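J.: Fold the stuff below for me.
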Amino acid sequence: MHKTWLLTVGWIVVLTLFAAPVPVLAQDGDKINLNQADVEKLDTLPGIGPAIAKRIVDYRDENGPFKKAEDLMNVRGIGEKKFLALKDRVVVSKPKEPEAEKEE
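T.: Predicted coordinates for the structure are as follows:
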């Protein structure tokens, strides 16, 4: 029994060390701002992979900031069903403004 336990623990360690990294999903309560998030952050949303995340950023770059979360459905690949799964995980607010350079 002792050898079985050691083998099990050993395999867990090996699998943990060599497992491919998995993106961490947004936690409940963590809302992602559609006007500030980058591709990597958007990719953590359920049902959004890197391709759709890039489309969200491209849409925002081409059309300006999202005015409401429902505008996400204007992005190719996000229909009503996918939006309904995401709506509680996203928020829309003003995009970050670059800090003004300080005068000396």
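J.: Count residues in the vicinity of the closest residue to Tyr59 other than its chain neighbours, would you?
T.: Excluding the flanking residues, the one nearest Tyr59 by Cβ to Cβ, 6 or more residues apart in numbering is Val75, at 4.8 Å. Using the backbone N, CA and C atoms, a C-beta is placed for each residue, glycine as well. Residues lying near Val75 (other Cβ atoms under 10 Å) number 22.
J.: which ones are touching Asp71?
T.: Leu34, Val92 (Cβ atoms under 8 Å, 6 or more residues apart in numbering).
J.: And for the one 3 residues further on?
T.: Asn74 is in contact with Tyr59, Asn63, counting by Cβ under 8 Å, 6+ apart.
J.: How much space separates it from Pro50?
T.: 19 Å (Cβ to Cβ, to the nearest Å).
J.: hmm, back to that, surely the residue nearest to Tyr59 and Glu62 touch.
T.: No - contact criterion Cβ atoms under 8 Å: Val75 and Glu62 do not qualify, at 10.6 Å.
J.: Which residue ranges of this structure form strands?
T.: 32-33, 90-91 (DSSP state E).
J.: Minimum distance to Leu45: which of those has it?
T.: strand 32-33 (6.3 Å; Cβ to Cβ).
J.: hang on, the earlier thing: would you mind giving the strands of the chain as a markdown table with mean pLDDT added?
T.: Listed next are those as a markdown table, based on pLDDT from 0 to 100:
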| stretch | mean pLDDT |
| --- | --- |
| strand 32-33 | 96 |
| strand 90-91 | 96 |
